[in-house]
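**Q** how would this look folded up:
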Amino acid sequence: MPTYMDIHDIPGVTAEAVAGAHEADVRVQGAYGVNYKSYWVDEEAGKVFCLVDAPDRETAARVHREAHGLEAHTLHEVEQGA
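**A** Numbers count the residues shown, from 1 in each chain. Alright, predicted model coming up:
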């Protein structure tokens with residue numbers, strides 16, 4: 001299954017808010033065969049990065065949409081170990 005890194009631009013983001021959004025992702029992901037593995041927050045830059053295993057880009061984005069509505073502006077497929 002492909003792994004993706006997504007990037008969100010969210011000025012004023014807080015680590016606390018992202019933790020809640022990640023919990024929402026985890027509650028929804030099973031219905032779509034997705035695994036949101038980890039996330040990182042850069043509060044100063046207003047950026048959030050998520051690492052996710054998903055069947056495809058659209059399915060990864062769909063989980064975010066349904067869980068909390070915060071879609072990534074960029075989604076890159078990454079090769080593990082590369």
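**Q** can we go C-alpha only for contacts and neighbour counts from here?
**A** Fine.
**Q** all strands of this protein, in order?
**A** 3-9, 35-42, 47-53, 74-78 (DSSP state E).
**Q** measure how the last one sits relative to strand 47-53, angle-wise.
**A** With axes from the mean of the first three to the mean of the last three C-alpha atoms, to 10 degrees defining the directions, strand 74-78 sits at 40 degrees from strand 47-53.
**Q** what lies in contact with strand 74-78?
**A** 2-8, 57 (C-alpha atoms under 8 Å, 6 or more residues apart in numbering).
**Q** and the two most separated of those?
**A** The span of those, defined through C-alpha to C-alpha, is set by Pro2 and His8 at 19.4 Å.
**Q** ok, Asp25 - how many residues close by?
**A** Asp25 has 22 neighbouring residues, counting by other C-alpha atoms under 10 Å.
**Q** show me what the longest helix along the chain is packed against.
**A** As assigned by DSSP state H, the longest helix anywhere in the chain is helix 15-29. With contacts taken as 3 or more C-alpha pairs under 8 Å, 6 or more residues apart in numbering; DSSP states H and E, helix 15-29 sits against strand 35-42, helix 57-67.
**Q** again, only this time at 10 Å
**A** Packed against helix 15-29, as judged by 3 or more C-alpha pairs under 10 Å, 6 or more residues apart in numbering; DSSP states H and E, are the following elements: strand 35-42, strand 47-53, helix 57-67.
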